[in-house]
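1. any chance you could fold what I've pasted below:
(chains A and B, ligands or ions: 2)
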Amino acid sequence: MSHSILVVADHDNTQLNSATLSTLQAAAQIKALTGSPISLLIAGFNCSAVSEAGSKISEVDHIIYADNSVLNHHLAENIAALVLDLVPDKANAEQTFSHILAPATTTGKNILPRVAALLDCSQISEIIAVQSQDIFVRPIYAGNALAKVQSNDKVKVMSVRASAFEAVNITGGCATINTLQTVTDTAQVRFISEDNKVSDRIELSSASAIISGGRGMQNSENFAMLERVADKIGAAVGASRAAVDAGFVCNDMQVGQTGKIVAPDLYIAVGISGAIQHLAGMKDSKVIVAINKDEEAPIFGVADYGLVADLFEAVPQLEQQL
Amino acid sequence: MKVLVPVKRVIDANVKARVKADNSDVELNNVKMALNPFCEIAVEEAIRLKEQGIVEEIIVVSVGEQSCQEQLRTALALGADRAIHVQAAATTEPLAIAKILNILMTKEDCKLAILGKQSIDADNNQTGQMLAALANMPQATFASKITFNESATQVNVTREIDGGLQTIAMDLPCVITADLRLNEPRFASLPNIMKAKRKPLEKLTSEELGVDVTPRTTLLSVTPPAQREPGIIVNSVDELVSKLKFEAGVL
Ligand SMILES: Cc1cc2nc3c(=O)[nH]c(=O)nc-3n(C[C@H](O)[C@H](O)[C@H](O)COP(=O)(O)OP(=O)(O)OC[C@H]3O[C@@H](n4cnc5c(N)ncnc54)[C@H](O)[C@@H]3O)c2cc1C
Ligand SMILES: Nc1ncnc2c1ncn2[C@@H]1O[C@H](COP(=O)(O)O)[C@@H](O)[C@H]1O
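-> Residues are numbered from 1 along each chain as shown, chains lettered A, B, ... in the order given. Ligands and ions are numbered 1, 2, ... in the order given. Take a look at the predicted model:
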């Protein structure tokens, strides 16, 4: 396999996540410019279903499949080592991969800089557009500026902001599957436990509608009001940092510069002031609604529809009318 | 044990960045600068580890222009013991910074490095991972809780991940990057600010450390993001619902 575009998949050993499908869209744009085939690396444990799904994606040419218990929790040390093993001549890594992409999920962000450093390449984080095979656009300063950067590295390594690329479909493909036998087990790090909120709520990063609560919600019980609205419109529930810090909800619900970046069709911000860092995570949503009792709140500056009201009156009314 | 805490000078988190008229970069003249918030959390954690007797010395390091000595003094005022300023362009890329930090970790015999997870200006989220890779050390990014075993040879770190929380165990030496909820940083007291002026601050250059900091990327332009169309204020929930249904078509 010479000179391909490598995408490092993020998955839960059962399914490819939507961020990976968006990353494949970015890879497909590069493929359209360079003609290089796309290889999708699926590393995990008992994850044959993921590899099969990957092979059905028409944009994907090859699957590189590594299934081993040491890869179960996608530890960065082991997966980075696996990627490096794919490169026979490290000094001329461009002969193997022209580009290496990963979704900017916590897993991708954990792994990719390790890969870049070991190849002596820089990384371009969270690209939102592909302009040529070596020019990319990425937001900086909490999205208040867009930087157009050209990579002079032999291999272009970049993470991809999922909200900026439409997910590819899992259809039409018949990629070859190349199974890897050898893996590295880094003894210096061990998985202990994972506290995964198994919830039947819709996942934030792939939701088409989101209703988020902030400090104005006052406590965690009040978030049930948002959940009821969410259930009616098929939305996910998010939060501001202040609501997470105060313990109203879990960390995985934080939207913002340093939480999850989302761009649903509808984003409803309830009792959220609209700090720079929160806006960074949601201002590319198609339609933004703000419910806040303070008419001066900066959130109204980005809202398509603003309602100046006490949320404890407005949200139950909203629930009723939906 | 000695801990290395790399810190970055960045735009103050409360200031909204503005793009220069010539689209060459963001305007940083006459803009309030500060210690990157995640670095503040990293410094605080190091101080707490020192208070617990796990860490003996805290070395803060910043790679940048002369002005980043201000942020090093801030870190010293918070409780770091000494500082190293590595003179280089403020735009030095994470890969080069990680190479510098790797050399300093060996030189200073640090068993631990605590970094911020992300600089709030460049939003890279790379340096800690790159340092760990170059140093061939394990990493725990996005840390919200750090617990050492009694002999301080091993550390358990809880990480904030997309799906919730994950806990991993690492042998030392290792690299940790701090997330928002790791701790709440203290404020520097006036006497400590005065004392910090007399704490040692060593000056080095990237050349002295033998690191090639030539950038691997070229910044072609910086532009403001597309502005949203101004919205409207609705007067009732009724009106809101009907607008969402019939005007926006999202319900
Ligand atoms: C390094 C760093 C990273 C950060 N990352 C993030 C991030 O990723 N995401 C994020 O969200 N924040 C982030 N922040 C925090 C951010 O700066 C703000 O502090 C935070 O977003 C504020 O949350 P909030 O709007 O819920 O709270 P507040 O700013 O306190 O606003 C609460 C709002 O609720 C309204 N309100 C109160 N009661 C009612 C009521 N009864 N009815 C209607 N309205 C009501 C108030 O008018 C107010 O506008 C970060 C900060 C830093 C420094
Ligand atoms: N110029 C710098 N000097 C020292 N440390 C830095 C520098 N840039 C980044 N770091 C460290 O790396 C962390 C992550 O930054 P970044 O990878 O740029 O998002 C920061 O929180 C710092 O701890």
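
2. can you list the residues of the stretch 201-322 of chain A near chain B?
-> Within the stretch 201-322 of chain A, the positions near chain B by Cβ under 8 Å from any Cβ of the partner chain are A:205, A:209, A:233, A:241, A:244-245, A:250-252, A:257-258, A:260, A:265-266, A:276-277, A:283, A:286-289, A:295, A:300, A:302-309, A:314, A:317-318, A:321-322. (C-beta placed from N, C-alpha, C; glycine too.)

3. flag the shaky bits of the stretch 1-150 of chain A, pLDDT-wise.
-> Low-confidence segments of the stretch 1-150 of chain A (pLDDT under 70): A:1-2.

4. neighbours of the residue in it positioned nearest to ligand 1, how many?
-> Nearest residue of the stretch 1-150 of chain A to ligand 1, counting by Cβ to the nearest ligand atom: A:Ala142, 8.4 Å away. The tally of other residues near A:Ala142 (other Cβ atoms under 10 Å in any protein chain shown) stands at 24.

5. for it, give its distance to A:Ala239.
-> Computed as Cβ to Cβ, to the nearest Å, the A:Ala142 to A:Ala239 distance reads 18 Å.

6. hmm, back to that, shouldn't the residue of the stretch 1-150 of chain A closest to ligand 1 be within a helix?
-> Yes. Assessed with DSSP: H, G, I helix; E, B strand; the rest coil, A:Ala142 lies in a helix.

7. distance of it from chain B?
-> 7 Å (Cβ to the nearest Cβ, to the nearest Å).

8. quick one: contacts for that residue?
-> A:257, A:276-277, A:279-280, B:17, B:120, B:123 (Cβ atoms under 8 Å, 6 or more residues apart in numbering or on different chains).

9. and the closest residue to it other than its chain neighbours, what helix or strand is that in?
-> Leaving aside its chain neighbours, A:Ala142 sits nearest to A:Ala280 (3.8 Å; criterion: Cβ to Cβ, 6 or more residues apart in numbering or on different chains). Element membership for A:Ala280, per DSSP states H and E: helix A:276-282.

10. then A:Glu77?
-> Residue-wise, A:Glu77 maps onto helix A:76-85 under DSSP H and E.

11. counting by contacts, list what the very next helix or strand once past that helix packs against.
-> Moving toward the C-terminus from helix A:76-85, the first helix or strand encountered (DSSP H and E) is strand A:97-103. With contacts defined as 3 or more Cβ pairs under 8 Å, 6 or more residues apart in numbering or on different chains; DSSP states H and E, the packing partners of strand A:97-103 are strand A:4-8, helix A:18-34, helix A:106-118, strand A:156-160.

12. next, see if stretch A:294-306 gets close to ligand 1.
-> Yes. Counting by Cβ under 6 Å from any ligand atom, ligand 1 has neighbours in stretch A:294-306: A:294, A:297.

13. would you mind listing the buried residues in that stretch?
-> In terms of neighbour count (16 or more other Cβ atoms under 10 Å in any protein chain shown), stretch A:294-306 has its buried residues at A:297-300, A:302-306.

14. could you do stretch B:241-248 as well?
-> Quick answer for stretch B:241-248 (16+ other Cβ under 10 Å): B:241, B:243-244, B:248.

15. tell me which of the contacts of A:Ala142 is nearest to B:Val31?
-> Nearest to B:Val31, judged by Cβ to Cβ, of the contacts of A:Ala142 is B:Ala17 at 7.9 Å.

16. so what's the residue count around the nearest residue to that closest one once chain neighbours are set aside?
-> In this structure, B:Ala17 finds its nearest non-sequential neighbour in A:Tyr141, 3.6 Å apart by Cβ to Cβ, 6+ apart. If you count neighbours by other Cβ under 10 Å, A:Tyr141 ends up with 24.

17. likewise for A:His73?
-> So A:His73, with other Cβ under 10 Å, has 20 neighbours.

18. list the contacts of it.
-> The contact partners of A:His73, by Cβ under 8 Å, 6+ apart, come to A:191, A:194, B:166, B:168.

19. likewise A:Leu16?
-> Going by Cβ under 8 Å, 6+ apart, A:Leu16 touches A:9-10, A:42, A:50, A:53-54, A:170.

20. and it, its phi and psi?
-> phi -70, psi 140 (degrees, to the nearest 10).

21. my read is that A:Arg114 contacts B:Ala133, right?
-> Yes. Applying Cβ atoms under 8 Å, one finds A:Arg114 in contact with B:Ala133, separated by 4.0 Å.

22. need the overlap of contacts for these two.
-> A:80, B:139.

23. can I get the buried residues of stretch B:241-248 in a markdown table with secondary structure and pLDDT?
-> Below are those laid out as a markdown table (DSSP: H, G, I helix; E, B strand; the rest coil; pLDDT from 0 to 100):
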| residue | secondary structure | pLDDT |
| --- | --- | --- |
| B:Val241 | helix | 98 |
| B:Lys243 | helix | 98 |
| B:Leu244 | helix | 98 |
| B:Ala248 | coil | 96 |
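
24. quick one: which of the buried residues of stretch A:294-306 is nearest A:Ile124?
-> A:Val302 (26.5 Å).

25. can you pull the pLDDT of the residue in chain B that ligand 2 sits nearest to?
-> When scored by Cβ to the nearest ligand atom, chain B has B:Gly116 as its residue closest to ligand 2, at 2.3 Å. On pLDDT, B:Gly116 comes in at 98.

26. distance of it relative to ligand 1?
-> Plainly put, B:Gly116 is 9 Å away from ligand 1 if you go by Cβ to the nearest ligand atom, to the nearest Å.

27. helix, strand, or coil at the closest residue to that residue other than its chain neighbours?
-> Leaving aside its chain neighbours, B:Gly116 sits nearest to B:Phe38 (2.7 Å; criterion: Cβ to Cβ, 6+ apart). Three-state assignment for B:Phe38 (three-state DSSP): helix.

28. please name the residues that touch B:Phe38.
-> Residues near B:Phe38 by Cβ under 8 Å, 6+ apart: A:258, B:115-120, B:177-180.

29. cool, and B:Lys197?
-> Here B:Lys197 is in contact with B:Arg73 (Cβ under 8 Å, 6+ apart).

30. what does A:Ala32 give?
-> Not one residue lies near A:Ala32 by Cβ under 8 Å, 6+ apart.

31. at 10 Å what do you get?
-> By Cβ atoms under 10 Å, 6 or more residues apart in numbering or on different chains, A:Ala32 lies in contact with A:59, A:130, A:133.

32. the last one is in contact with A:Ile30, isn't it?
-> Yes. Contact status for A:Gln133 versus A:Ile30: in contact at 6.0 Å, counting by Cβ atoms under 10 Å.

33. shared neighbours of these two, which are they?
-> Joint contacts of A:Gln133 and A:Ile30 (Cβ under 10 Å, 6+ apart) are A:5, A:36, A:98-99, A:156.

34. buried stuff in stretch A:4-21?
-> Buried residues in stretch A:4-21 (16+ other Cβ under 10 Å): A:4-11, A:13, A:16-21.

35. for the closest residue to B:Val234 other than its chain neighbours, list the residues it contacts.
-> Sequence neighbours aside, B:Leu240 is the residue nearest to B:Val234 in space, at 4.7 Å (criterion: Cβ to Cβ, 6+ apart). Taking Cβ under 10 Å, 6+ apart, we find B:Leu240 in contact with A:268, A:289, A:291, A:305-307, A:309, A:314, A:317-318, A:321, B:234, B:251.
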